[in-house]
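J.: here are the coordinates; sequence isn't available:
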Ligand SMILES: C[S@@+](CC[C@H](N)C(=O)[O-])C[C@H]1O[C@@H](n2cnc3c(N)ncnc32)[C@H](O)[C@@H]1O
């Protein structure tokens, strides 16, 4: 059960992430009605900046349109207030890509051109920690990020992801997932202003047991695991390297997402946080949808694999023995994705990475400690 080598979570830099992740943008665009409703309901804190934070933003590309619309809506409701956008991610994130985008150096004009008195800031503090000062956050947003754990509780010795785990290893991931979720919410509870909202679209396991890449076709994580194992049996990697490849992620069920918010004795609920909205949604894989249209297996395989690579390559690379030279590690990782691409090219049917998200709006009641079941006391 040893966690083994250091876990590593990083997305491809240089703006490449957004190009490979159209599905993630679709998932964010789908959150717009919740964001719009949240902006309509948060109380006016006249004289103070409206603070909107996108937590786990990557290069800010996938949320760019949504944040622009949010600023339009905030300005429409509060014409005289400054709007402060706080982008957050991890220290190794490519923050230059965010600023290039926002300041209009990456092609299209940024939203800053449309409005005055919008200030853009960034923080490299993990969402597992406190990021913002107490009570300043009007609207916290996060998409497709909070499944990343603060630590890997153990290696899963016969799979690469907790969705393939069972017994004590699955229990260890569930426990870590619960502890991290409660901490994430507790930090946000401190940051939120009374009546503030969180709109969260997180990867999870829906009521039918579906999750990312597991919606009825070829199971994506099983495919990852088969190819990685084949590389171990063929001698390209060692058995230890095979075992060390465990993504430090937990896909929470709807119940797990709701648990600390619904439990009257939980510190998160006692801090005033309430579920205002919760639903699961499947966002279809855009590459598989395109393949249905064009029918070209080679093109599908070539287009699809970069999206898998963008979020998983760093963890595969980190599982390799550190004594291997850098270029050798690169070659092994390339060989892994080449093998996946060949698998898709040879038998494309059923491949795809449908997104399964749990969408939630969480409100911070103006009056923590209210009676169980009472709606948060915020202006309509
Ligand atoms: C799959 S990307 C999602 C990016 C964007 N929100 C979207 O939906 O397209 C996950 C992002 O979460 C970030 N992330 C992972 N763990 C994090 C943490 N502990 N704190 C902040 N960001 C984190 C990663 O660096 C990455 O940029």
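T.: Perfect, thanks for sending it. Just so it is clear, the model here is predicted, and its values are computed rather than measured.

J.: Of all the residues in the helix or strand hosting residue 333, which ones are buried?
T.: Using DSSP states H and E, residue 333 sits in helix 326-346. Using 16 or more other Cβ atoms under 10 Å as the test for burial, helix 326-346 gives 329, 332, 333, 336, 337, 339, 340, 341, 343, 344, 345. (C-beta placed from N, C-alpha, C; glycine too.)

J.: Just the closest of those to the ligand, please.
T.: Closest approach to the ligand among the buried residues of helix 326-346 (Cβ to the nearest ligand atom): residue 337, at 17.0 Å.

J.: OK, contacts around the closest one?
T.: Applying Cβ atoms under 8 Å, 6 or more residues apart in numbering, we find residue 337 in contact with 305, 308, 309, 313.

J.: and the helix holding residue 333, average pLDDT?
T.: Mean pLDDT, helix 326-346: 98.

J.: after that helix comes which helix or strand?
T.: As assigned by DSSP H and E, the chain's next helix or strand after helix 326-346 is strand 355-364.

J.: Report all helices and strands that that next one contacts.
T.: helix 22-29, helix 32-41, helix 167-191, strand 192-205, helix 254-262, strand 273-283 (3 or more Cβ pairs under 8 Å, 6 or more residues apart in numbering; DSSP states H and E).

J.: most tightly surrounded among these?
T.: Most buried of these by mean neighbour count (mean count of other Cβ atoms under 10 Å) is strand 192-205; its value is a mean of 24.

J.: Tell me which strands it pairs with, and in which orientation.
T.: Applying DSSP bridges, strand 192-205 is found paired with strand 137-143 (parallel), strand 252-253 (parallel), strand 355-364 (antiparallel).

J.: Between the ones you listed, which one is closest to the ligand.
T.: strand 137-143 (3.5 Å).

J.: Around the ligand, pick out the residues from the chain.
T.: By the rule Cβ under 6 Å from any ligand atom, the part of the chain lying against the ligand is 9, 11, 21, 24, 28, 56-58, 62, 88-90, 93, 126-128, 143-145, 148, 311.

J.: TSV please, covering the helices and strands packed on strand 355-364 and showing distance to residue 106.
T.: Listed next are the helices and strands packed on strand 355-364 as TSV, based on distance: least, Cβ to Cβ, whole Å:
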stretch	distance to residue 106
helix 22-29	15
helix 32-41	22
helix 167-191	29
strand 192-205	24
helix 254-262	34
strand 273-283	25
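
J.: just checking, residue 174 touches residue 253?
T.: No. Contact between residue 174 and residue 253 fails when scored by Cβ atoms under 8 Å: they sit 9.3 Å apart.

J.: what do those two both touch?
T.: Residues touching both residue 174 and residue 253 (Cβ under 8 Å, 6+ apart): there are none.

J.: Where does pLDDT dip in the chain?
T.: 1-20, 366-380 (pLDDT under 70).

J.: In contact with the residue lying closest to residue 206 once chain neighbours are set aside, which residues?
T.: If the residues on either side of it in the chain are set aside, residue 206 comes closest to residue 280, at 3.7 Å by Cβ to Cβ, 6 or more residues apart in numbering. Contact analysis of residue 280 by Cβ under 8 Å, 6+ apart lists 204, 206, 207, 254, 356, 357, 358, 359.
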